[in-house]
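# Coordinates only, no sequence provided:
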């Protein structure tokens, strides 16, 4: 009798566990949308960017010399696409690959929100 | 001697002009090669959120980006096809057109 009870309890636990796992799998299958936080980027995440992108006229030193692109006022969606392309190795620049590799999806969303903040379709806001 | 100097100066100037690209030739290319479909004629009106504003961007960066798309160092299927049909000179011209636009949201003050 106790063995039967044990089996029942075990079975219930397994069923519950499976149910939980299933729910988790469902959650994972539908990633919640990441919302960029420009303020968080400003306070914690732009240190790696401003040394090159925040200096008017700054040029790359390696491996070739050309102007570092202006990114402030760019479309947020493009900044996201560019950072992910660097992270996934679809763009060649060594420093940008290294930096992008250290960014999470949330970091990228925050930076895109920060640098894209001043963009409006009507033109410059400042 | 003086003539030689003039000749050298003229030669240097012609190289400089070539390196800089021709913005009005670039304007024609932007229309005929359909860059404007996605970026806008002046490069300031992208047709989708993940396409960049090009107006007022640095000339040498635009040359670099187009050259990398053409060579495959940057892998983007659409831009590979677009940049792939441009010669080196045409890349310079297109870059000259977009970089010379004054109306832009782009800046580097942050």
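Ah, there it is. Keep in mind that this is a model prediction, so the values were computed, not measured. Numbering: from 1, shown residues only, chains lettered A, B, ... in the order given.

# Look up the closest residue to the residue nearest the centre of chain B, ignoring the ones flanking it.
Within chain B, one residue has its C-alpha closest to the average C-alpha position: by CA atoms, centre = their mean, that is residue B:95, at 1.0 Å. Closest residue to residue B:95 apart from its sequence neighbours, by CB to CB, 6 or more residues apart in numbering or on different chains: residue B:62 at 3.8 Å. The C-beta positions use only the backbone N, C-alpha and C, and glycine is treated the same way.

# So which residues of chain B form strands?
With DSSP state E applied, chain B shows no strands anywhere along its length.

# Around chain A, pick out the residues from it.
Taking CB under 8 Å from any CB of the partner chain as the measure of proximity, chain B contacts chain A at B:44-46, B:48-53, B:56-61, B:63-65, B:68, B:73-76, B:103-110.

# So which of the residues you listed belong to helices?
If you go by DSSP state H, those have B:59, B:60, B:61, B:63, B:64, B:65, B:68 in helices.

# Turn those into JSON lines, columns for neighbour count and pLDDT.
Formatted as JSON lines, those follow (neighbours: other CB atoms under 10 Å in any protein chain shown; pLDDT from 0 to 100):
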{"residue": "B:59", "neighbour count": "20", "pLDDT": "97"}
{"residue": "B:60", "neighbour count": "19", "pLDDT": "96"}
{"residue": "B:61", "neighbour count": "19", "pLDDT": "97"}
{"residue": "B:63", "neighbour count": "20", "pLDDT": "98"}
{"residue": "B:64", "neighbour count": "22", "pLDDT": "97"}
{"residue": "B:65", "neighbour count": "25", "pLDDT": "97"}
{"residue": "B:68", "neighbour count": "19", "pLDDT": "97"}
